[in-house]
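using only what follows, build the 3D model:
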Amino acid sequence: MLEKIFKLSKNNTTVKTEVMAGITTFMTMAYILAVNPSILADAGMDPSAVLIATAIASFIGTCCMAFMANLPFVLSAGMGLNAYLAYTVVLGFGYSWQMALLAVFAEGIIFIILSLTNVREAIFNAIPLTLKRGVSVGIGLFIAFIGLQNAGLAVDSSTLVTITSFTENFSTHGICALLALIGTLITAALHIKNVRGSILVGILATWLLGILCQLTGLYVPTPDAGFYSLIPTEFISADFSALGKTFGQCFRMDFSQFRLLDFIVVIFSFLFVDLFDTLGTLIGVATKADMLDEEGHLPGIKPALMADAIGTTAGAILGTSTVTTFVESASGVSAGGRTGLTALTSGLLFLLSTLFAPIFIAIPSFATAPALIMVGFLMVSSVTEIRFDNLDESIPAYIAIIAMPLFYSISEGISLGIISYVILNTVTGKAKKVTPLMYVLALLFILKYIFL
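Numbers count the residues shown, from 1 in each chain. Sure thing, here's the model as predicted:
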C-alpha cells in the first residue's frame, strides 16, 4: 500500500529510509514545540493551548504535503511569523491575539485561492532576489534579538540596550542569563559537529543544567518575580481541554477597534513573509535533494503550496501562527527522504507529541533562547549571497535588514526595503528593472505611513 501511495521504487527509496528520514526531520524541528508557546505567550495566549494547536496544525499541514504533493517536506508554525504576530501585530499595533489569528486565517484563505492559480509564483518572481535575501537576514537578526531578550542577556539601558549584569540578582536573572549563554555555546558546538537535532538537544541540555542549578541552590524559584520551578510536575497528559482557550477564537473578537487599512497591511505582511519563506524553502530543499527539473522548477509545487495554505488556515482556527514549510526538512532529505512518507512520519510524531505537552511547557525561556539565537544565525547566513557591489540591489536589502531589529518590526523592514528599492532604481535611471507589482506595493506602503 505504501508503495502505491508514495511511489517508493520510482523515487529509489525504501520504507526504512523514509521513516528514519522522517524521524530525523522531526528531531531537528521539534524545538518549535517549546519555542512557539514561549513566543505566543508574550501575546497573551495560553502556552498549553498553543503547543497543542501547533502540534495538530503541523500534523494536518504535513499530512497534506505527504498525500497531496508526495514530497518529504514538513510544516509547522514558522519562526519569524510567530514573532511578527506576537511582537509587531499584538504588542506593536495593539491588536488582540484573536484579531491577529483572524489575519492569519484570512491569509490562509487567500493563499488557498492563490494556490489554485499561478499567482504565488508570479508574485515570487516579481520581487528581486537580493531583497528576498535581505528580508531573510533581517528576520534572522530580529529573532536573535528576541532570543537575547528572552535569555535576559539584552536589557534596557541609557544606551537603549546593553548586556545584563550577571552578578546582580544572580540566583534569578544572573544565573538564567548565564545558562542561556552556555546553552547557546552548547547548541553551536553541536551544530558544528553536525549532530542531528542539535537545536532540540541544546534546549534540553540547557534546561537540564537549569534543573541541576535549582537542585544545588544556584537557581532559586521566585514566582512573584516570574521565576518558576524548572522541574515539571507531570510528564504525560491526555487532557486536551486547554485547546478550547484558542480554538475558534479568531472568530470571537471585539470589532470595535477594527481598522480596515491597518488590518490589510497586517494580512499583506503575513502573506509576504510566508510567501517568500515557503517558496524559498521549497526551492532550496528541493535543490539539495536534486528534485528540480531541467528548467529549475519543482514538480508538484502547486499542491505543496496548497498544503502550506491549508496548514495555515487550520492553524489559525486551532490557535497558532502561520504554518509554513521548514528549512529543517533538509535534514530528512540528507538522510535519504524523497517522498511523502518522510513527511507523514514527522507528522505522526507531531501528533504524538501532544501527549507530552507538560514537558514542553515546563521548558523555561532561557532554555529556548539559544534555539532562537541559532535559528537567527541560520537565517542570517544567507547574507553571503547578497552582492554588495550591486548597490541599487544591496542598499534596499541593507535597509530591510537593519530596520527589522532596530525598529522591532518585520513589517517595517519589508515596507522600507520595497520603498527604497523602487525609489533608488527609479531616480538612478533603472526604472525598467522595477516590476509594476513593485510600484503598487511601494505606493501602498507609502500610503500606510501617511494615513496610519
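
what residue ranges in this structure score low on pLDDT?
Residue ranges of the chain with pLDDT under 70: 120-126, 253-258, 273, 276-298, 331, 334-335, 452.

please report how far Leu148 lies from Ser198.
For Leu148, the distance to Ser198 equals 19 Å [C-beta to C-beta, to the nearest Å]. From N, CA and C alone the C-beta is placed, and that goes for glycine too.

quickly find the element holding the residue positioned nearest the centre of the chain.
The residue lying closest to the centre of the chain (C-alpha atoms, centre = their mean) is Met79, at 1.4 Å. Using DSSP states H and E, Met79 maps to neither a helix nor a strand.

tell me the contacts of it?
Contact criterion C-beta atoms under 8 Å, 6 or more residues apart in numbering gives 32, 35, 139, 143, 372, 375, 379 as the residues in contact with Met79.

can you point out the buried residues in stretch 238-245?
For stretch 238-245, the neighbour count (16 or more other C-beta atoms under 10 Å) marks 242-243, 245 as buried.

what is the nearest of the residues you listed to Leu114?
Comparing those against Leu114 with C-beta to C-beta places Leu243 closest, at 28.8 Å.

tell me the contacts of the spatially closest residue to that closest one that is not a sequence neighbour?
Using C-beta to C-beta, 6 or more residues apart in numbering and skipping residues adjacent in sequence, the residue nearest Leu243 is Ile52, 4.8 Å away. Counting by C-beta under 8 Å, 6+ apart, Ile52 makes contact with 240, 242-243, 318, 354, 357.

save these as CSV, and put in secondary structure too.
Below are these laid out as CSV (DSSP: H, G, I helix; E, B strand; the rest coil):
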residue, secondary structure
Phe240, coil
Ala242, helix
Leu243, helix
Leu318, helix
Thr354, helix
Ala357, helix
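
just give me the neighbour total for Ile450.
7 (other C-beta atoms under 10 Å).

check Val375 too.
Residues near Val375, counting by other C-beta under 10 Å: 24.

same question for Phe263.
Neighbours of Phe263 under the rule other C-beta under 10 Å: 17.

ok, now how distant is it from Asp308?
22 Å.

what does stretch 219-234 rub up against?
171-172, 175-176, 207, 210-211, 213-214, 358-359, 361-362, 364.

show the backbone phi and psi for Gly319.
In terms of degrees, to the nearest 10, the main-chain angles of Gly319 are phi 120, psi 50.

number of nearby residues for it?
Neighbours of Gly319 (other C-beta under 10 Å): 30.

list the contacts for the closest residue to it other than its chain neighbours?
Leaving aside its chain neighbours, Gly319 sits nearest to Thr246 (2.4 Å; criterion: C-beta to C-beta, 6+ apart). Listed by C-beta under 8 Å, 6+ apart, the contact set of Thr246 reads 45-46, 49-50, 53, 101, 318-320.

could I get the residues you listed as CSV with distance to Tyr398?
Shown next, in CSV, are these (distance: C-beta to C-beta, whole Å):
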residue, distance to Tyr398
Met45, 34
Asp46, 39
Ala49, 39
Val50, 34
Ala53, 37
Leu101, 33
Leu318, 38
Gly319, 37
Thr320, 32
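
dump these into CSV; add secondary structure and distance to Ala431 as well.
Formatted as CSV, these follow (DSSP: H, G, I helix; E, B strand; the rest coil; distance: C-beta to C-beta, whole Å):
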residue, secondary structure, distance to Ala431
Met45, coil, 45
Asp46, coil, 50
Ala49, helix, 49
Val50, helix, 45
Ala53, helix, 46
Leu101, helix, 40
Leu318, helix, 45
Gly319, coil, 45
Thr320, coil, 42
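
if any of those are buried, give me the PyMOL selection for them.
Buried members of the contacts of Thr246, defined by 16+ other C-beta under 10 Å, are picked up in PyMOL with:
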select buried, resi 45+46+49+50+53+101+318+319+320
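
which one of the contacts of Thr246 is nearest to Asp274?
Asp274 has its nearest neighbour among these in Thr320, at 13.3 Å by C-beta to C-beta.

contacting residues for that closest one?
Residues counted as contacts of Thr320 (C-beta under 8 Å, 6+ apart) are 36, 40, 50, 53-54, 57, 77, 82, 246.

torsion angles phi and psi at it?
Taking degrees, to the nearest 10, you get phi -140, psi 170 for the backbone angles of Thr320.

now the contacts of Thr320 in JSON lines, with distance to Thr167?
Compiled in JSON lines, these are given as follows (distance: C-beta to C-beta, whole Å):
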{"residue": "Asn36", "distance to Thr167": "33"}
{"residue": "Leu40", "distance to Thr167": "33"}
{"residue": "Val50", "distance to Thr167": "35"}
{"residue": "Ala53", "distance to Thr167": "40"}
{"residue": "Thr54", "distance to Thr167": "37"}
{"residue": "Ala57", "distance to Thr167": "43"}
{"residue": "Ala77", "distance to Thr167": "37"}
{"residue": "Asn82", "distance to Thr167": "33"}
{"residue": "Thr246", "distance to Thr167": "40"}
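
can you give me the buried ones in the helix or strand Ile203 falls within?
Per DSSP H and E: Ile203 is located in helix 198-216. With burial defined by 16+ other C-beta under 10 Å, the residues of helix 198-216 counted as buried are 198-207, 209-211, 213-214.

also stretch 436-451?
The neighbour-count check on stretch 436-451 (16+ other C-beta under 10 Å) flags 438, 441-442, 444-445, 448 as buried.

quick one: list the elements packing against the strand or helix carrying Ala100.
Secondary structure assignment for Ala100, by DSSP H and E: helix 97-115. When contacts are defined as 3 or more C-beta pairs under 8 Å, 6 or more residues apart in numbering; DSSP states H and E, helix 97-115 packs onto helix 119-126, helix 260-288, helix 301-318.

okay, Ile211 and Ile186: tell me how far apart.
The gap separating Ile211 from Ile186 is 15 Å, by C-beta to C-beta.

for burial, what's the neighbour tally of the closest residue to Cys213 other than its chain neighbours?
Computed as C-beta to C-beta, 6+ apart, the closest residue to Cys213 that is not its neighbour in sequence is Tyr219, at 4.0 Å. Neighbourhood size, Tyr219 [other C-beta under 10 Å]: 25.

sec struct for Tyr219, please.
At Tyr219 the chain is in coil, as set by three-state DSSP.

picking up where we left off before, and which of the buried residues of helix 198-216 is nearest Lys433?
Nearest to Lys433 among these: Ile199, at 38.6 Å, using C-beta to C-beta.

tell me the contacts of the closest one?
Contact analysis of Ile199 by C-beta under 8 Å, 6+ apart lists 28, 31, 187, 191, 370-371, 374-375.

also Met45?
Met45 touches 37, 97, 245-246, 319, counting by C-beta under 8 Å, 6+ apart.

just to revisit the earlier point, how much space between the residue nearest to the centre of the chain and Tyr31?
Relative to Tyr31, Met79 is positioned 9 Å away (C-beta to C-beta).
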